[in-house]
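# here are the coordinates; sequence isn't available:
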Ligand SMILES: O=C(O)CCC(=O)C(=O)O
């Protein structure tokens, strides 16, 4: 297997330490079986849940926007290939407007609010679904990745019955930065009794770790991932430890994915992410992962301070 790294650290890909996500598409309409498997395994992966074409529409919509701000090379390459452009001018544009335009695009909404996705969660909850108003479309440049965390500390002010849908907006091979989850990490008492209950904003916490090997040494389990394809959806609990493989694309292909949250409509909601103008991690910041070269340390470079005109605040 190609060498896989996360946060610059090579993973042990022997069968005892690394495996494939289990495909649950055969039980996608059996809500009881899905709930049971979610409780046992902490995640559900559905291969080919949605029509590929629908997802590729969203990909095109978003990549055109990233090409407009110079992040991908749409001159020498097909936009859909998402090849990184070194001479980006994203530091010159209004990122409030840019990120909102990405988050609210119609083709993107057609994926994350699709009948396939909402229908799945309605069956799972046996209730109406509230999709979080905030959404996290992610553009991950070559060399970038993500630290390890539970989603809980970022989303636990409402109910525990919140789940994440991680959706590749295009094909994402492992070495292009696929998501990884730590097997059985949703059953680790040491994490559930403390880390899971923390509040990332009040306590200003960062990633639990950026070291995939130390995490395995501490908590056991294999890292699980797969070569994702457009149309797939990975769902996991607020207490499933996850992060990403680094994007080591040899062709400098950027990774485009989305993570969104869903909960039963009648449960209390976390105001950080809901309402007409969610506060998120502060009104002075925008969600724009990566670009570590610009030295913004807060939230491990996922959230960037912007100036009065919405441009990157270089500190
Ligand atoms: O996509 C990634 O790299 C991280 C996603 C994530 O942390 C999440 O879905 O909660």
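Great, that's in hand. All of these numbers come straight from a predicted model, not from anything done at the bench.
# switch to C-alpha atoms for all contacts and neighbour counts from now on
Noted.
# which strands and helices sit next to the longest helix anywhere in the chain?
Criterion DSSP state H: the longest helix present in the chain is helix 52-68. When contacts are defined as 3 or more C-alpha pairs under 8 Å, 6 or more residues apart in numbering; DSSP states H and E, helix 52-68 sits against helix 95-103, helix 106-112.
# OK, contacts around residue 28?
Residue 28 makes contacts with 34, 46, 120, as judged by C-alpha atoms under 8 Å, 6 or more residues apart in numbering.
# now do 10 Å
34, 44, 45, 46, 47, 49, 116, 120, 123, 124 (C-alpha atoms under 10 Å, 6 or more residues apart in numbering).
# how about it, phi and psi?
With angles defined as degrees, to the nearest 10, residue 28 sits at phi -60, psi -30.
# same check, this time on the one 5 residues further on
Backbone torsions of residue 33, given as degrees, to the nearest 10, read phi -70, psi -40.
# list the contacts of it.
By C-alpha under 10 Å, 6+ apart, the contact set of residue 33 is 24, 27, 39, 124.
# repeat that for residue 262.
With contact set as C-alpha under 10 Å, 6+ apart, residue 262 has these partners: 117-118, 121-122, 125, 129-133, 161-165.
# switch to 7 Å and redo it
Residue 262 makes contacts with 129, 130, 131, 132, 162, 163, 164, as judged by C-alpha atoms under 7 Å, 6 or more residues apart in numbering.
# could you dump the residues you listed to CSV with pLDDT?
Shown next, in CSV, are these (pLDDT from 0 to 100):
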residue, pLDDT
129, 98
130, 98
131, 98
132, 98
162, 98
163, 98
164, 98
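# show me those residues that map onto strands.
129, 130, 131, 163, 164 (DSSP state E).
# wouldn't the fourth one be in contact with residue 239 here?
Read that as residue 163. No. Judged on C-alpha atoms under 7 Å, residue 163 makes no contact with residue 239 at a distance of 9.3 Å.
# residues from this structure in reach of the ligand?
Taking C-alpha under 6 Å from any ligand atom as the contact definition, the chain meets the ligand at 145, 146, 151, 166, 179, 243, 244, 259.
# inside strands: which ones of those residues?
By the criterion of DSSP E, membership of the residues of the chain next to the ligand in strands covers 146, 166, 179, 243, 244, 259.
# and the residue of the stretch 51-200 of the chain found nearest the ligand, how many neighbours does it have?
Among the residues of the stretch 51-200 of the chain, residue 146 lies nearest to the ligand; the distance is 4.9 Å by C-alpha to the nearest ligand atom. When counting by other C-alpha atoms under 10 Å, one arrives at 23 neighbours for residue 146.
# need the phi and psi values for the residue nearest to residue 281 when sequence neighbours are not counted.
In space, and not counting its chain neighbours, residue 281 is closest to residue 201: 6.7 Å by C-alpha to C-alpha, 6 or more residues apart in numbering. Main-chain torsions, residue 201, degrees, to the nearest 10: phi -80, psi -50.
# again with residue 312
The phi/psi pair for residue 312 (degrees, to the nearest 10) reads phi -50, psi 130.
# give me the below-cutoff pLDDT ranges for the stretch 151-300 of the chain.
By pLDDT under 70, the weakly predicted segments of the stretch 151-300 of the chain are 292-300.
# all strands for it, in order.
Secondary structure of the stretch 151-300 of the chain by DSSP state E, counting those that start in this stretch: the strands cover 163-168, 179-182, 223-225, 233-237, 242-244, 255-264, 285-287.
# so which of those is the most packed in?
strand 179-182 (a mean of 25; mean count of other C-alpha atoms under 10 Å).
# from the contact counts, what lies against it?
strand 223-225, strand 242-244 (3 or more C-alpha pairs under 7 Å, 6 or more residues apart in numbering; DSSP states H and E).
# strands paired with that strand, and their directions?
Strand pairing for strand 179-182, using DSSP bridges, gives strand 223-225 (antiparallel), strand 242-244 (antiparallel).
# make JSON lines out of those strands and add distance to residue 65.
Formatted as JSON lines, the strands paired with strand 179-182 follow (distance: least, C-alpha to C-alpha, whole Å):
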{"stretch": "strand 223-225", "distance to residue 65": "29"}
{"stretch": "strand 242-244", "distance to residue 65": "24"}
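# now the longest helix of the chain against helix 95-103, angle please.
Counting by axes from the mean of the first three to the mean of the last three C-alpha atoms, to 10 degrees, helix 52-68 lies at 160 degrees to helix 95-103.
# state the mean pLDDT of helix 52-68.
Mean per-residue pLDDT for helix 52-68: 98.
# in it, what's buried?
52, 54-68 (16 or more other C-alpha atoms under 10 Å).
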